[in-house]
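Engineer: structure for this input, please:
(4 chains)
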Amino acid sequence: MNADFSPEDTAFRDEVRDFLQNEFPAEYRGKVDAGIRLSKDEIVHWQKILYEKGWAAPNWPVEHGGTGWSPTRKHIFAMEMGLIGAPEPVAFGMKMVAPVLMAYGSEEQRQRFLPDILQSNVWWCQGYSEPNSGSDLASLKTSAVRDGDHYVVNGAKTWNTYGQYADWIFCLVRTDTTVKKQEGISFLLIDMHSPGVSHKPIVLLDGHSEVNEIFFDEVRVPAENLIGEENKGWTYAKVLLTHERTNIALVPRSTRRLRALRRAAASLDDGQGGSMLEEPVFSHRLAELEIELKALEYAELRTLASLSVGKSPGPESSILKIVGTELAQRIDEMFLELGAYHSLPYLPEQFDEGFQGATLEPGGLAGQGLAYLNDRKLSIFGGSNEIQRNIICKAVLGL
Amino acid sequence: MNADFSPEDTAFRDEVRDFLQNEFPAEYRGKVDAGIRLSKDEIVHWQKILYEKGWAAPNWPVEHGGTGWSPTRKHIFAMEMGLIGAPEPVAFGMKMVAPVLMAYGSEEQRQRFLPDILQSNVWWCQGYSEPNSGSDLASLKTSAVRDGDHYVVNGAKTWNTYGQYADWIFCLVRTDTTVKKQEGISFLLIDMHSPGVSHKPIVLLDGHSEVNEIFFDEVRVPAENLIGEENKGWTYAKVLLTHERTNIALVPRSTRRLRALRRAAASLDDGQGGSMLEEPVFSHRLAELEIELKALEYAELRTLASLSVGKSPGPESSILKIVGTELAQRIDEMFLELGAYHSLPYLPEQFDEGFQGATLEPGGLAGQGLAYLNDRKLSIFGGSNEIQRNIICKAVLGL
Amino acid sequence: MDFSYSEEQQMLKESVGKFVRQQYDFDTRNRIAASETGYSEENWKLFAELGWLTVPFAEEDGGFGDSAVDLMVMMEEFGKAMLLEPFLPSVVLAGRLLAALGDARQKEELLPALMTGNLQLACAWAESGSRYNLANVRLSARGEGGNVILSGAKVNVLNGPNADKLLVTARESGAVTGREGLGMFLVDRDAPGVDVRAYANMDACRAARISFNEVSVPESARLGKPGGAYEALERVFDHATAAVCAQAVGALDALLQKTVEYSKTRKQFGVHIGSFQALQHRMADMFIECQLARSITVMAAMQLDSEAPWQTRSAAVSAAKSRLGRAIRKVGQEAVQIHGGIGMTDELDVSHLFRQVTGLELLFGDADYHTARFTRLQNAG
Amino acid sequence: MDFSYSEEQQMLKESVGKFVRQQYDFDTRNRIAASETGYSEENWKLFAELGWLTVPFAEEDGGFGDSAVDLMVMMEEFGKAMLLEPFLPSVVLAGRLLAALGDARQKEELLPALMTGNLQLACAWAESGSRYNLANVRLSARGEGGNVILSGAKVNVLNGPNADKLLVTARESGAVTGREGLGMFLVDRDAPGVDVRAYANMDACRAARISFNEVSVPESARLGKPGGAYEALERVFDHATAAVCAQAVGALDALLQKTVEYSKTRKQFGVHIGSFQALQHRMADMFIECQLARSITVMAAMQLDSEAPWQTRSAAVSAAKSRLGRAIRKVGQEAVQIHGGIGMTDELDVSHLFRQVTGLELLFGDADYHTARFTRLQNAG
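Structural biologist: You can find the predicted model right below:
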């Protein structure tokens, strides 16, 4: 065992850091620091910069344009990206549909879709959850009926993050209603511009609508858009759910936010004549979160290390998901408390592109009240933390 | 609504306080303060003092020698007793078998048993749990087979608190094995001095054996010792379980212990040049417990008040049990932390009557490490807190 | 000791409860929230007619009796319904401050108008660096030719956008955090130099950040003695804090009830999610939190109405607000979590209740602040 | 970065694991605990033969290499088995202190005897008022005619009853809590004026309260420079603290495993209690705690073996001990609770494991102490 980076990895970290300092646009960085959302164009622009550098897909194999990095380097890259606040590649294309294409897609499908994902020419979204399925994903009802060379799709999907931006959606659809619920599901790629596809934004706790409902009304999808075999979609989706959940622990993000929290606490009055960082109870809790982050970071590193020697991550990713999201939420709580009355204003629009007014909150607090609200999603979406605990019970404890 | 005591109740409180100051033997008080257990003789002696005063049975109706006090006065009495550390009447006779006798016993049984309970001439213990029954009380197996004028009892009971002192035991026994498990249970009183009764102490976490296993080997019990009807015992026991759970919240005890904790913290070094009470994080947690105690106290008062207007306590007692025991355990944790290295010694004998050596711990800390260990029982015994949560789900939330 | 409601309290409870059940459903509330002023003028008139606006005032001021328990009864119902009308900021807070500090002339001029629904007030106390310390005031008041000139800025002025008049705390002398030297002034919302930036808070109630740029008011606008506003301020805030606790108790009960109901109808894996024991026990814990929250709020209200020394009463209020802070955190988060995604959406009342209680968690001081205040008050006693 | 065990570490792990599985079952351990000395002399000789007693020493001192990761590997197995032999106090703590502070003569005289199992040491550092602050020492050392006179008392001297020699911290100059002026002396356990009160701790390991009544030792009994023992003391305690974390990790894993197993066999209401989802999720949380505890312990050991500045290494150790404190509280209490009554009894190993980890929770500093130390070290960096 050895905690030190090799000289080569240290040099790599410096290279990444320099690159980000120089190439992540200062304008974007300012927005991220101020809590303002980047537009689709800005995110795509940034991904193309990464693509030019050859870093668009850290986790892809080299033959598809990935980096071939070691787990340590992937960790370094994700951490440096997180620390500067640079957005990761949008996960739906890069981390979700791409691995499925690589594992189960035809050669033709790979050639058709992967390059556009790598170059961020096409924006994907995910069509798994449905209004009545919730954590019981396999109970989905959206149907795809074969009609000649096409499937005719009817139904609704929900919790589609960034569905409003997407060009394509990968969907789980029911192709056989006569068998066990897991056995009649297929994995289908659908062009969002097809006739019959529509979407409705869902306004969440923080007043924003980053998620959508997607409706399919007699949508005709070419049969060539089916991944692998009909009725095998659940298998593909499940593999995806336990694999490729890199950065599920949110370590880089939480690292950045804890540093920002400490900075903000040092600059804010405690109302009694000192700073909030000098307030002993607040500072004690802050330290507890910093310690939790260290435990989480090493849990993640240990998982990555075991991956690199060929083991499967399996239920370890459930631990990372639970602890990572709950830590992120506790950081939000500390920001909420730190803000005091500054956490109360509900002004979603001040974090949109183009907002002209001055923000209400002093430095470091902009949008933190809303972040607390919005991040309640972390323990619900992506496989609720209850489901993750069930996985641990079954897969690890044998209960 | 009105928070103030009436002048009459205030006078009553002063009377109780004076009585306890003068009549609770100083020697006993010193022992309680030092964490030393009172002997059976001492407990009985104290109960006889209360009996002489007419205060032996605060919750009994007047016709059986009880006090007839209002809920407010019962609360005042329990609080003053707790604050001075005077032991309550041993519950098994006074609070457990006596109400069953009053409600379901024959006139003969009442006359035979109640006066000796009131005067503390006879010590009772409880025979409910069995080695394999746990929280699933109704699965009990101890059998009582009718043989002429007698029942012949075979089996084992466990977790008998103070079974080593007891003259009598009230038992749930199986009198019919052919029906649903709840329907074949009877409520039987057994003389502990009968041939075939034996007991084995169980050593618990703190090194003491306040609980026992009791064995019945062909024990012949006169049929006149059956309470009520054969096979109706579960009904009687259940009524007992939801009724008469006064002081289940441990408010007086926790009040006394929190005051002692604050005193001890003020007198102990924090190792950095101040006292532990000045240590901000410790003092903050202490305040949180004091606040929790206030919430609990008012929850109990509200429950008592609703009782006094004729409502049944029902699942409210589950709340009091859960919150009361968990608060008591959190106080133990604070003592454990306060003690630092003084919490480590494992010397059960230093709290026994007759221990000659000097205690190892400085003032206020004697036995607190052991108390932390022993009080883990609070959330397990008396209907585990999991069972209490089940009761709330069923009875209140309708789940 | 007596834990039962008086007949009048019972009637008040039924009257308020009936109003919110029959005239304040979720859709109605959403319409009111989206309106220009963010509250219903019609409802306000109704409250006045029903006499509700007189509840927090003493009989000698023309009020109903100023009992904290009465107020508790009302606020609990308001919390369940997420009431938007500015009862708390205008009446309970600013109105009671006026009653506590104003002289006979000021009270005669304003209190009847307030109680008949013809006047809206707001209190401007918080500043950017003050957190929850009422004494931490930088906004300055200096005398100039018989007038007083106010300079500085206030944040989180509840009902600020709709108030006719503002009650403003100002530093007349002493250190920034000194209790001595704190003055209170009545300022017209439209006075020259008063700059109001209006917005909505998490609970959809309107608030404002207000700058005072050399605002001149006559000496007659002063409430109370020069530099002597602190004590009354703290006591009025104790009452308002207890009222906030009661509001939260109502909202938490609603969150629990909706969560339990949802768990009985929502199916996952072929069964109702309410049949999952892990969720059941968490709902049992929510219930426990609600009961403890209610109990300690009852304690605070009863203590406020008692003859106990002020220090004891204030400690009771801080104990309650501290405990409520923890209950809110737990019950609110669990309600959203157990609902799952749907609990995150604007469509369901659960998300609005969650926002309301999150606001109440911070208003007048969070759990840590009040735990510290409790310790200070108790150790001084 | 590398998270894999070296071949030697793998062998060490297997060797220790095999010993505890085959020769240290619960009954054997209970017999050893009840014996006169509270540990097995035979086992101690075996440890020496197997070379285990050399692990925490540098090669130049005749040791195995003094790697924190090696130590972690051993301590984890010891924790699972609740080992009673005084490896931690005699070797890891006192032995490493001797190696760090002793001169060539002192080391030659004592270290080989220690590593061959012929010498038992103990470190006497804690005092009644010191809590976890190593610098808080009142026991005084004053020179007198070329000798040093020690006066004062120590508490919680682990292995004190069985030690041949004691390493005693003493105040030579400076304030009670000063890091400067702290001396360290070797004292024979049987020296005149040394009064040992022996007892067992919660984990059944032997300890003592030791009074030093004008105990005279020669100057040659001094370890290190006059008044200059603190720095080495702190570093040795960092290593010992990381070892305690590893011991706890092993014990927590055992508690989890036994709880899960019990839940699969114990029936209530006709089904195994492991089928109750409320208990399942709590066991999942216990598993998470165990994994985090292990991860942060790995971090501390790796950092101790790294080239990082001492401040970083110490902060890593404090982070680990702080986190372990919370994990112990949770996993320990839940293990007992889920077992129910049987988990309270002396008959079952669960109660002994619970007592062991409760002791480890406090040893060398509890969660609060190490959280504060972590903050201090991190902010200084």
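Engineer: by mean pLDDT, flag the weakest helix or strand of the chain.
Structural biologist: Picking chain A for this. One helix or strand of chain A scores below all others by mean pLDDT, DSSP states H and E: helix A:233-242, with a mean of 81.
Engineer: chain C was what I was after
Structural biologist: Lowest on mean pLDDT, DSSP H and E among the helices and strands of chain C sits strand C:267-268, with a mean of 88.
Engineer: contacts only, for A:Thr72.
Structural biologist: Neighbouring residues of A:Thr72 by C-beta atoms under 8 Å, 6 or more residues apart in numbering or on different chains: A:Phe5, A:Asp9, A:Leu304, D:Met1. C-beta here means a position set from N, CA and C on the backbone, and glycine is covered the same way.
Engineer: could you do C:Leu363 as well?
Structural biologist: A:Leu344, C:Val244.
Engineer: and it, how far from A:Phe335?
Structural biologist: 17 Å (C-beta to C-beta, to the nearest Å).
Engineer: now C:Lys264
Structural biologist: The gap separating C:Lys264 from A:Phe335 is 35 Å, by C-beta to C-beta.
Engineer: who's more crowded, these two?
Structural biologist: Set side by side, C:Lys264 and A:Phe335 show more neighbours around A:Phe335, with 23 against 14, by other C-beta atoms under 10 Å in any protein chain shown.
Engineer: let me see the contact set for that one.
Structural biologist: By C-beta under 8 Å, 6+ apart, the contact set of A:Phe335 is A:Arg257, A:Leu261, A:Ala264, A:Ser343, A:Leu365, A:Gln368, A:Ala371, A:Tyr372.
Engineer: any idea which of those is least confident?
Structural biologist: Within the contacts of A:Phe335, pLDDT reaches its minimum at A:Leu365, with 86.
Engineer: am I right that that one sits in a helix?
Structural biologist: No - remark: A:Leu365 does not belong to a helix; assigned using DSSP: H, G, I helix; E, B strand; the rest coil, it is coil.
Engineer: quick check: C:Pro226 touching C:Gly174?
Structural biologist: No - C:Pro226 is not in contact with C:Gly174 according to C-beta atoms under 8 Å; the separation is 11.6 Å.
Engineer: may I have the secondary structure class of the residue nearest to A:Asp147 when sequence neighbours are not counted?
Structural biologist: With sequence-adjacent residues excluded and distances taken as C-beta to C-beta, 6 or more residues apart in numbering or on different chains, A:Asp147 is closest to A:Arg220, at 7.6 Å. Of the three states, A:Arg220 takes strand under three-state DSSP.
Engineer: list the contacts for the residue of the stretch 1-150 of chain A found nearest chain D?
Structural biologist: The stretch 1-150 of chain A approaches chain D most closely through A:Ala3 (3.6 Å), counting by C-beta to the nearest C-beta. Going by C-beta under 8 Å, 6+ apart, A:Ala3 touches D:Met1, D:Met299, D:Met302, D:Gln303, D:Asp305, D:Ser306, D:Ala308.
Engineer: then A:Thr177?
Structural biologist: So A:Thr177 contacts A:Ser143, A:Gly184 (C-beta under 8 Å, 6+ apart).
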